[in-house]
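K.L.:
quick check, what structure comes out for this input:
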Amino acid sequence: MTRRGDDSIIELEQGMRAAMEMLLRVREHSRGVYVVGNGGSASVASHMVTDLLNVMEIRAYAVHDASLMTCMANDYGYENAYARILSGVAREGDLLIAISSSGRSENIRNAVHKMQALGGETITLSGFDQANPLRALGDLNIWLDSNDYGFVEVGHQFILHNMIDRFAVK
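P.N.:
Presented below is the predicted three-dimensional model:
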(Lines give C-alpha, C1' and ligand atoms only; values in the text may rest on other atoms or scores of the structure.)
Protein backbone atom coordinates (compact mmCIF):
# COMPACT_ATOMS: atom_id res chain seq x y z
CA MET A 1 0.00 0.00 0.00
CA THR A 2 1.07 3.55 -0.62
CA ARG A 3 -0.19 7.00 0.23
CA ARG A 4 -0.67 9.80 -2.30
CA GLY A 5 2.50 11.74 -2.94
CA ASP A 6 4.62 9.07 -1.29
CA ASP A 7 5.98 6.12 -3.27
CA SER A 8 7.13 4.31 -0.16
CA ILE A 9 5.26 1.11 0.58
CA ILE A 10 3.48 0.79 3.91
CA GLU A 11 2.69 -2.52 5.57
CA LEU A 12 -0.73 -4.08 5.11
CA GLU A 13 -1.64 -3.64 8.78
CA GLN A 14 -0.76 0.06 8.73
CA GLY A 15 -2.75 0.51 5.52
CA MET A 16 -5.77 -1.30 6.93
CA ARG A 17 -5.69 0.96 9.99
CA ALA A 18 -5.51 4.02 7.73
CA ALA A 19 -8.49 2.79 5.69
CA MET A 20 -10.51 2.15 8.86
CA GLU A 21 -9.69 5.64 10.12
CA MET A 22 -11.01 7.08 6.86
CA LEU A 23 -14.23 5.05 7.12
CA LEU A 24 -14.74 5.96 10.77
CA ARG A 25 -14.17 9.65 9.98
CA VAL A 26 -16.87 9.46 7.30
CA ARG A 27 -19.23 7.82 9.79
CA GLU A 28 -18.45 10.29 12.58
CA HIS A 29 -19.12 13.30 10.34
CA SER A 30 -22.21 11.79 8.68
CA ARG A 31 -20.60 11.82 5.26
CA GLY A 32 -21.07 9.29 2.45
CA VAL A 33 -19.03 6.59 0.74
CA TYR A 34 -19.23 6.07 -3.02
CA VAL A 35 -17.82 2.90 -4.55
CA VAL A 36 -17.01 2.50 -8.25
CA GLY A 37 -15.81 -0.37 -10.41
CA ASN A 38 -16.37 -1.99 -13.81
CA GLY A 39 -17.51 -5.56 -14.45
CA GLY A 40 -16.40 -7.87 -11.63
CA SER A 41 -15.13 -4.87 -9.68
CA ALA A 42 -18.65 -3.39 -9.82
CA SER A 43 -19.87 -6.58 -8.13
CA VAL A 44 -17.23 -6.11 -5.45
CA ALA A 45 -18.42 -2.49 -5.10
CA SER A 46 -22.04 -3.58 -4.59
CA HIS A 47 -21.06 -6.07 -1.91
CA MET A 48 -18.95 -3.45 -0.13
CA VAL A 49 -21.87 -1.02 -0.09
CA THR A 50 -24.13 -3.66 1.44
CA ASP A 51 -21.67 -4.24 4.26
CA LEU A 52 -20.99 -0.55 4.84
CA LEU A 53 -24.72 0.08 5.26
CA ASN A 54 -25.52 -3.06 7.21
CA VAL A 55 -22.50 -3.41 9.50
CA MET A 56 -20.98 0.06 9.81
CA GLU A 57 -24.21 2.05 9.32
CA ILE A 58 -22.50 4.37 6.85
CA ARG A 59 -24.37 6.01 3.97
CA ALA A 60 -22.90 4.19 1.00
CA TYR A 61 -23.69 4.02 -2.69
CA ALA A 62 -22.59 1.82 -5.57
CA VAL A 63 -22.47 4.31 -8.41
CA HIS A 64 -23.27 1.91 -11.27
CA ASP A 65 -27.06 2.04 -11.49
CA ALA A 66 -27.80 0.92 -15.06
CA SER A 67 -30.13 3.77 -16.09
CA LEU A 68 -27.99 6.48 -14.54
CA MET A 69 -24.73 5.03 -15.84
CA THR A 70 -25.96 4.60 -19.41
CA CYS A 71 -27.45 8.10 -19.44
CA MET A 72 -24.21 9.68 -18.29
CA ALA A 73 -22.13 7.52 -20.64
CA ASN A 74 -24.34 8.51 -23.55
CA ASP A 75 -24.34 12.22 -22.71
CA TYR A 76 -20.77 12.69 -21.42
CA GLY A 77 -18.81 9.64 -22.63
CA TYR A 78 -18.15 6.43 -20.73
CA GLU A 79 -14.82 7.76 -19.49
CA ASN A 80 -16.66 10.61 -17.71
CA ALA A 81 -19.79 8.80 -16.51
CA TYR A 82 -18.73 8.14 -12.91
CA ALA A 83 -17.17 11.60 -12.56
CA ARG A 84 -20.39 13.22 -13.79
CA ILE A 85 -22.49 11.22 -11.34
CA LEU A 86 -20.16 12.13 -8.47
CA SER A 87 -20.33 15.82 -9.39
CA GLY A 88 -24.06 15.67 -8.72
CA VAL A 89 -24.06 13.70 -5.48
CA ALA A 90 -20.68 13.75 -3.70
CA ARG A 91 -19.67 16.46 -1.27
CA GLU A 92 -16.59 17.62 0.58
CA GLY A 93 -15.59 15.08 3.21
CA ASP A 94 -17.11 12.11 1.36
CA LEU A 95 -15.00 9.07 0.52
CA LEU A 96 -14.59 7.33 -2.83
CA ILE A 97 -13.44 3.71 -3.01
CA ALA A 98 -12.25 3.14 -6.59
CA ILE A 99 -11.70 -0.45 -7.74
CA SER A 100 -9.96 -1.43 -10.99
CA SER A 101 -8.13 -4.72 -11.46
CA SER A 102 -5.77 -3.27 -14.07
CA GLY A 103 -5.67 0.26 -12.66
CA ARG A 104 -6.02 1.56 -16.22
CA SER A 105 -9.77 2.22 -16.48
CA GLU A 106 -10.13 5.84 -17.49
CA ASN A 107 -13.62 6.20 -16.02
CA ILE A 108 -12.35 5.04 -12.62
CA ARG A 109 -9.36 7.40 -12.71
CA ASN A 110 -11.61 10.31 -13.69
CA ALA A 111 -13.88 9.51 -10.74
CA VAL A 112 -10.88 9.75 -8.39
CA HIS A 113 -9.91 13.13 -9.86
CA LYS A 114 -13.51 14.37 -9.47
CA MET A 115 -13.77 13.27 -5.83
CA GLN A 116 -10.49 14.99 -5.01
CA ALA A 117 -11.67 18.17 -6.76
CA LEU A 118 -14.80 18.06 -4.60
CA GLY A 119 -12.68 17.85 -1.43
CA GLY A 120 -13.24 14.17 -0.72
CA GLU A 121 -10.82 11.40 0.14
CA THR A 122 -10.01 8.39 -2.02
CA ILE A 123 -8.97 4.79 -1.55
CA THR A 124 -7.90 2.92 -4.69
CA LEU A 125 -7.65 -0.83 -5.20
CA SER A 126 -5.78 -2.17 -8.21
CA GLY A 127 -3.54 -4.97 -9.42
CA PHE A 128 -1.50 -5.96 -12.45
CA ASP A 129 1.31 -3.51 -13.26
CA GLN A 130 2.92 -1.96 -10.20
CA ALA A 131 3.14 1.34 -12.12
CA ASN A 132 -0.54 1.38 -13.14
CA PRO A 133 -1.96 4.92 -13.23
CA LEU A 134 -4.67 4.41 -10.59
CA ARG A 135 -2.14 3.34 -7.99
CA ALA A 136 -0.62 6.83 -7.91
CA LEU A 137 -3.89 8.73 -7.46
CA GLY A 138 -5.53 7.79 -4.18
CA ASP A 139 -5.00 9.08 -0.68
CA LEU A 140 -4.51 5.40 0.12
CA ASN A 141 -3.61 2.94 -2.66
CA ILE A 142 -3.98 -0.81 -2.30
CA TRP A 143 -2.20 -2.84 -5.00
CA LEU A 144 -2.09 -6.61 -5.48
CA ASP A 145 0.89 -8.13 -7.27
CA SER A 146 -0.96 -10.33 -9.75
CA ASN A 147 -1.94 -10.25 -13.43
CA ASP A 148 -4.87 -12.61 -12.89
CA TYR A 149 -8.29 -10.91 -12.89
CA GLY A 150 -9.83 -13.55 -10.65
CA PHE A 151 -7.08 -13.32 -8.05
CA VAL A 152 -7.13 -9.51 -8.03
CA GLU A 153 -10.94 -9.28 -7.78
CA VAL A 154 -11.14 -11.87 -4.99
CA GLY A 155 -8.19 -10.19 -3.26
CA HIS A 156 -9.95 -6.84 -3.34
CA GLN A 157 -13.10 -8.47 -1.97
CA PHE A 158 -11.07 -10.05 0.85
CA ILE A 159 -9.38 -6.77 1.77
CA LEU A 160 -12.64 -4.82 1.81
CA HIS A 161 -14.36 -7.56 3.82
CA ASN A 162 -11.49 -7.49 6.28
CA MET A 163 -12.04 -3.77 6.86
CA ILE A 164 -15.69 -4.38 7.69
CA ASP A 165 -14.89 -7.42 9.84
CA ARG A 166 -12.43 -5.35 11.89
CA PHE A 167 -15.19 -2.88 12.63
CA ALA A 168 -17.71 -5.60 13.48
CA VAL A 169 -15.55 -7.04 16.27
CA LYS A 170 -15.11 -3.68 18.04
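
K.L.:
contact partners for the nearest residue to residue 90 once chain neighbours are set aside?
P.N.:
Closest residue to residue 90 apart from its sequence neighbours, by C-beta to C-beta, 6 or more residues apart in numbering: residue 118 at 5.2 Å. C-beta here means a position set from N, CA and C on the backbone, and glycine is covered the same way. Listed by C-beta atoms under 8 Å, 6 or more residues apart in numbering, the contact set of residue 118 reads 86, 87, 90, 91, 92, 94.

K.L.:
same thing with residue 90?
P.N.:
Per C-beta under 8 Å, 6+ apart, neighbours of residue 90: 32, 34, 96, 114, 115, 118, 120.

K.L.:
mind picking the two most distant members of those residues?
P.N.:
32 and 114 (14.2 Å; C-beta to C-beta).

K.L.:
now do the strands in this structure.
P.N.:
Using DSSP state E, the strands of the chain run over 2-3, 32-36, 59-62, 95-100, 121-126, 140-143.

K.L.:
how near is residue 54 to residue 164?
P.N.:
Using C-beta to C-beta, to the nearest Å, residue 54 is found at 9 Å from residue 164.

K.L.:
which non-adjacent residue is nearest the residue lying farthest from the centre of the chain?
P.N.:
No residue in the chain sits farther from the centre than residue 75, which is 23.8 Å out by C-alpha atoms, centre = their mean. Closest residue in space to residue 75, ignoring its immediate chain neighbours: residue 84 at 7.7 Å, by C-beta to C-beta, 6+ apart.
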